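Asker: pasting the sequence and the predicted coordinates here, then a few questions.
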Amino acid sequence: MGRTKPLWRRLLPILTLLVVLPLVLLWASREIGGRADREALALAEQAVRRAAVQCYALEGFYPADLGYLEAHYGVRVDGAYRVDYRHVASNLMPDITVLPIS
């Protein structure tokens, strides 16, 4: 007659799956969340740059501060980011850096 496996050997694959699967899902969610954060940061910086270039194309100058872009070009940056906008001259592209606050 066939010999049956002990209970712990039958349950081992299930227990392994119950331990490994949540760890894999946790890692994947963190990876996806990190990628989404990086993309949102890049999009915020692109929006500010695009508005500055549009202002230069339409009005002939780069604005002296971010407030001008917010007032006239509808730039809105999420409160989770800090925009470092350094005006150099009206005919030179400003130095724009967007950083996460946290």
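Answerer: It's in.
Asker: how are the helices of the protein distributed by residue range?
Answerer: Secondary structure of the chain (DSSP state H): helices at 7-59, 66-73.
Asker: nearest to Gly79, out of the ones you listed?
Answerer: Nearest to Gly79, of all these, is helix 7-59, at 11.0 Å by Cβ to Cβ. Placement of C-beta: from N, CA and C, glycine included.
Asker: centre of the chain to the closest one, how far?
Answerer: 8 Å (Cα atoms, centre = their mean, to the nearest Å).
Asker: what helices and strands are in contact with that helix?
Answerer: For helix 7-59, the elements it packs on are helix 66-73, strand 81-86, strand 95-100, judged by 3 or more Cβ pairs under 8 Å, 6 or more residues apart in numbering; DSSP states H and E.
Asker: ok, which of those comes nearest Asp37?
Answerer: Proximity to Asp37 (Cβ to Cβ) singles out strand 95-100 among the helices and strands packed on helix 7-59, at 7.2 Å.
Asker: shaky segments in the protein?
Answerer: For the chain, applying pLDDT under 70 flags the ranges 1-2.
Asker: which residue is nearest the centroid of it?
Answerer: Central residue of the chain (Cα atoms, centre = their mean): Asp37, 2.1 Å from the mean position.
Asker: what's the nearest residue to it if we skip its chain neighbours?
Answerer: Nearest residue to Asp37, sequence neighbours excluded (Cβ to Cβ, 6 or more residues apart in numbering): Pro100, at 7.2 Å.
Asker: check contacts around that neighbour.
Answerer: Pro100 is in contact with Asp37, Leu41, Ala80, Tyr81, Arg82, counting by Cβ atoms under 8 Å, 6 or more residues apart in numbering.
Asker: report the beta-bridge partners for it.
Answerer: Tyr81 (DSSP bridges).
Asker: separation between it and Arg30?
Answerer: Distance from Pro100 to Arg30, counting by Cβ to Cβ, to the nearest Å: 16 Å.
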